[in-house]
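> I would like to see how this sequence folds:
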Amino acid sequence: MTDDLTGPLQGTALKKAVLTSLETLERALTPEPLGGNRFRADNERDRFGRIFGGQLLAQALYAASRTVEQHAPASLHAYFVQTGASDTPVDIAVDVVRDGRSMATRQVTVAQGERTLLTAMASFHTNPDEPVLDAPRPDVPGPEEMPLLQHWVHQVPASLRTNAQSWVDVPPAIEMRIAEPTSFLGGRQTPAPRSHWMRVPRTIGDEPALHAAMLAYASDYLMLDMAMRNHPDPADYGSITAVSLDHGLWLHRPVRFDEWHLYTQQTVAITGHRALIRGVIHDAAGHTVASTAQEMLIRPL
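Residues are numbered from 1 along each chain as shown. Presented below is the predicted three-dimensional model:
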């Protein structure tokens, strides 16, 4: 692939690959109703040899939204229980916990057969527009001034090249721009926070629940990598095993995820084999759109 991966995505082979990934994600977010708030859904195309956790988050939030008539998504608190196979559809069960005048709560389970992959609680709320207090957006270059994530693929050490190339050949369903290589692309370890821009690369309609689900999908990217980047000990993907344990997402305002959003992540704590990462997502206008938190397990091989 000979794209200029520092420049615009439009019209490139990489753009076509990202759009293909987005099409498969959209199919995964078009669940087949089975009755009784039960659904069956396909998976996005495989990139990790397993189902990506962000897909499960998006499916849980979107399926729960299908059972709520009046309120918008407000939060999702999920546990990753087991890994899933990308070649097998998932079954999504939504149970009504509460329907109130301004809030609703749903419990969601995503499974393959008898194997539970994810369990979550989702809340929905009809929220007024004011008052507002926004956390300041970090002062970083705009998305057009940052290279695409895939730009860094061609600078990785030989030991990381096979895995790194998959981010070009089978990219995520979102466009990401970042000012430094990630840990899995040979980036250095440092304790500082890190910000990257993200969006879906074309319009996806006006359904608020779909935009929220797409943001949930994107919010899972690079959090585990952030723990590797901030780890106090030498850590690389050849010397450790790492898995995400849970994921929290709070939606502070409506999302339009076919526009640019800045995702800033920082490490809260690393103790023993567990790490906690916190994130804040701003839209291009500087409004605080969402907050995230994720705990992961990092063990030496």
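> From the rest of the structure, what touches stretch 119-135?
Stretch 119-135 has contacts (CB atoms under 8 Å, 6 or more residues apart in numbering) with 57, 60-61, 64-65, 68, 70-79, 81, 97, 102-110, 253, 280, 282, 286-288. Backbone N, C-alpha and C define where each C-beta goes, glycine included.
> Give the other helices and strands that the helix or strand of the chain with the lowest mean pLDDT contacts.
Here the helix or strand of the chain ranked lowest by mean pLDDT, DSSP states H and E is helix 161-169, holding a mean of 90. Packing partners of helix 161-169 (3 or more CB pairs under 8 Å, 6 or more residues apart in numbering; DSSP states H and E): helix 13-28.
> Now the element after the helix it packs on, going C-ward?
Later in the chain than helix 13-28, the nearest helix or strand by DSSP states H and E is strand 32-35.
> Run through who's touching that next one.
Contacts for strand 32-35 (CB under 8 Å, 6+ apart): 39-41, 66, 91.
> Now, of those, which are buried?
For these, a burial check counting by 16 or more other CB atoms under 10 Å picks out 39, 41, 91.
> What score does the second one have for pLDDT?
Among the per-residue scores, A41 shows a pLDDT of 98.
> Give the bridge partners for it, please.
With beta bridges defined as DSSP bridges, A41 has these partners: V90.
> got a list of what it touches?
By CB under 8 Å, 6+ apart, the contact set of A41 is 28-32, 59, 63, 89-90, 92.
> try the last one
Under the criterion of CB under 8 Å, 6+ apart, the contact partners of D91 comprise 34, 38-40, 110-112.
> Output those residues as JSON lines; include the columns distance to T119.
As requested, those are exported to JSON lines (distance: CB to CB, whole Å):
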{"residue": "L34", "distance to T119": "18"}
{"residue": "R38", "distance to T119": "15"}
{"residue": "F39", "distance to T119": "15"}
{"residue": "R40", "distance to T119": "17"}
{"residue": "V110", "distance to T119": "8"}
{"residue": "A111", "distance to T119": "9"}
{"residue": "Q112", "distance to T119": "13"}
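> which of those tops the neighbour count?
Of all those, the highest neighbour tally under other CB atoms under 10 Å goes to V110, namely 27 neighbours.
> and that one, what helix or strand is that in?
strand 103-112.
> That strand: what's the following helix or strand?
Counting by DSSP H and E, the next helix or strand C-terminal to strand 103-112 is strand 115-125.
> What about G286, how many residues nearby?
11.
> quick one: it and R137 touch, right?
Yes. The pair G286 / R137 is scored as a contact, 4.5 Å apart, by CB atoms under 8 Å.
> what element comes up after the helix or strand where L210 lies heading to the C-terminus?
Assigned by DSSP H and E, L210 falls within helix 208-219. Remark: after helix 208-219, the chain's next helix or strand is helix 223-230, criterion DSSP H and E.
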